[in-house]
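K.L.:
any chance you can model this:
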Amino acid sequence: MDLRTLTKNAQSAARARARMLREGITPSGHKVWSEEEDLACRLFYPDYFALGRLLPHRSRVAVRHRCAKLGLVRKYASWPAVERQKLRRLYPSSTREELCAAFPGVSWLSICSAAQRYGYRRDRKPYKITGVAALDQVRSRCFEMRWIMRDLDEEARTKRYFQTRGSDGRYPNFKAIRRAVVALGGDFEVRWRGDED
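P.N.:
Numbers count the residues shown, from 1 in each chain. Here you go, the predicted model:
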């Protein structure tokens with residue numbers, strides 16, 4: 001780039017800064033932050049409600065951005081690539097204790113927030129065993145098909161049975177279970193204990 005262009009741009013920036021100090025308004029039309037406003041941010045930082053009352057002409061986003069610029073907001077530590085790969089590999093299936101042991105000195109909340117920030121998710125847990133064989137088979141089939149109980153209720157037209165009472169094995173509704181089996185593409189049959197195939 002030409003030296004004359006650089007000099008011209010530097011002079012233009014100096015004039016813009018002087019105009020901002022003189023008029024108290026940024027080129028985009030916003031009011032320049034004063035020392036009193038910065039002091040209010042430093043004193044009341046985590047309480048955005050109080051800052052909103054003290055600075056009614058500033059939006060919540062502007063206050064949050066200014067607090068970050070003043071260094072009041074906690075900065076997230078970026079994880080090195082090796083640690084991210086380790087987290088991506090372990091996070092879906094490992095237990096909480098295994099993850100805390102794999103990352104010593106890092107709290108569980110920090111591990112969870114890092115996983116959320118990088119888009120890692122936990123594996124789904126299988127549905128609870130009820131003790132009723134037909135109901136357990138329906139629930140395990142839903143888990144294999146990645147259906148939630150709401151999907152099953154909609155397909156089987158069982159109102160909200162599987163969403164509300166479907167995990168309770170004390171009083172199974174076999175009419176709803178039969179409808180669910182048909183909706184899942186299966187056959188509902190009875191086998192007697194004394195019969196042999």
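K.L.:
quick one: Thr158 is in a strand?
P.N.:
No. Applying DSSP: H, G, I helix; E, B strand; the rest coil, one finds Thr158 to be coil, outside a strand.
K.L.:
give me the pLDDT value at the nearest residue to it once chain neighbours are set aside.
P.N.:
Among residues not flanking Thr158 along the chain, Ala176 sits closest, at 4.3 Å (Cβ to Cβ, 6 or more residues apart in numbering). Glycine gets a C-beta too; all of them are placed from N, C-alpha and C. pLDDT recorded at Ala176 is 86.
K.L.:
Provide the secondary structure category for Ala176.
P.N.:
Applying three-state DSSP: Ala176 is helix.
K.L.:
ok, it - how many residues close by?
P.N.:
21 (other Cβ atoms under 10 Å).
K.L.:
mind checking the longest helix of this protein?
P.N.:
The residue-count maximum for a helix in the chain (DSSP state H) belongs to helix 3-23.
K.L.:
in this structure, what spans have low per-residue confidence?
P.N.:
1, 24, 75-76, 195-197 (pLDDT under 70).
K.L.:
how about the helices of it, start to end?
P.N.:
3-23, 35-44, 48-54, 60-69, 81-90, 96-102, 108-118, 133-145, 149-156, 161-164, 174-183.
K.L.:
in the last one, what's buried?
P.N.:
Of all the residues in helix 174-183, those buried under the rule 16 or more other Cβ atoms under 10 Å are Ala176, Ile177, Arg178, Arg179, Ala180, Val181, Ala183.
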